[in-house]
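Participant: No sequence on hand, only this structure:
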């Protein structure tokens, strides 16, 4: 499997995606503003922010067909340490209690461990969305479970199906067993 970008598919372009979702009338989806008006919720008003979700990159050790960010080994886009610092500066002066880190495989960002340490030092709860196979992908990731334990990281992971055949069909040969 390859990412949409590597296959040169038009859907890998965010502008193409925006064109499709902005033309909701042609595909039978009701107008969002009208739905809000009908429900008495227009205009939308912000509420309290409890969770800050941060996508630290599209780099991943897997190429899953269902990936909503089109992550994969060929995707080199990652969040910089400078941008992570902006997130930390925002967190310092906020009531946000939880940071939910996602990616591709967020552990592949070279500043991932530093980022988790800094978030933990602020007293914030940390959630990491991991595919777990990253732990075995390379020797440098073998210590991830101990790192997570040390920083009290809550790990969220998914297994597409309870059978090897269907999981491997989505995530690649041998993923279920790993």
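Facilitator: Thanks, I have it. Remember, it's a predicted structure, so these values are computed and weren't measured experimentally. Numbering: from 1, shown residues only.

Participant: Show the average pLDDT along the longest helix anywhere in the chain.
Facilitator: Longest helix of the chain, by residue count under DSSP state H: helix 81-92. Across helix 81-92, the average pLDDT comes to 97.

Participant: Who does whichever helix or strand comes after that helix pair with, and is each partner parallel or antiparallel?
Facilitator: Per DSSP states H and E, the first helix or strand lying C-terminal to helix 81-92 is strand 98-102. Sheet pairing of strand 98-102 (DSSP bridges) gives strand 51-55 (parallel), strand 125-129 (parallel).

Participant: Just after the last one, pick out the following helix or strand.
Facilitator: Secondary structure here is assigned by DSSP H and E; on that basis, the next helix or strand after strand 125-129 toward the C-terminus is helix 134-137.

Participant: Run through the neighbouring helices and strands of that next one.
Facilitator: helix 144-150 (3 or more Cβ pairs under 8 Å, 6 or more residues apart in numbering; DSSP states H and E). Any C-beta I mention is one placed from the backbone N, CA and C, and that applies to glycine too.

Participant: cutoff 6 Å now
Facilitator: Using 3 or more Cβ pairs under 6 Å, 6 or more residues apart in numbering; DSSP states H and E as the contact test, no helix or strand touches helix 134-137.

Participant: So for it, what gets flagged as buried?
Facilitator: By 16 or more other Cβ atoms under 10 Å, the buried positions in helix 134-137 come out as 134, 135, 137.

Participant: The closest residue in space to the first one that isn't next to it in sequence: how many residues sit nearby?
Facilitator: Nearest residue to residue 134 in three dimensions, chain neighbours excluded: residue 105, at 4.6 Å (Cβ to Cβ, 6 or more residues apart in numbering). Other residues near residue 105 number 28, with proximity taken as other Cβ atoms under 10 Å.

Participant: Quick one, grab the pLDDT at residue 105.
Facilitator: 96.

Participant: wait, what's in contact with it?
Facilitator: 60, 61, 131, 134 (Cβ atoms under 6 Å, 6 or more residues apart in numbering).

Participant: ok, now residue 131?
Facilitator: 62, 105.

Participant: still on that earlier bit, output the contacts of residue 105 in CSV; the columns should cover pLDDT and distance to residue 5.
Facilitator: Formatted as CSV, the contacts of residue 105 follow (pLDDT from 0 to 100; distance: Cβ to Cβ, whole Å):
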residue, pLDDT, distance to residue 5
60, 94, 12
61, 92, 16
131, 90, 19
134, 93, 20
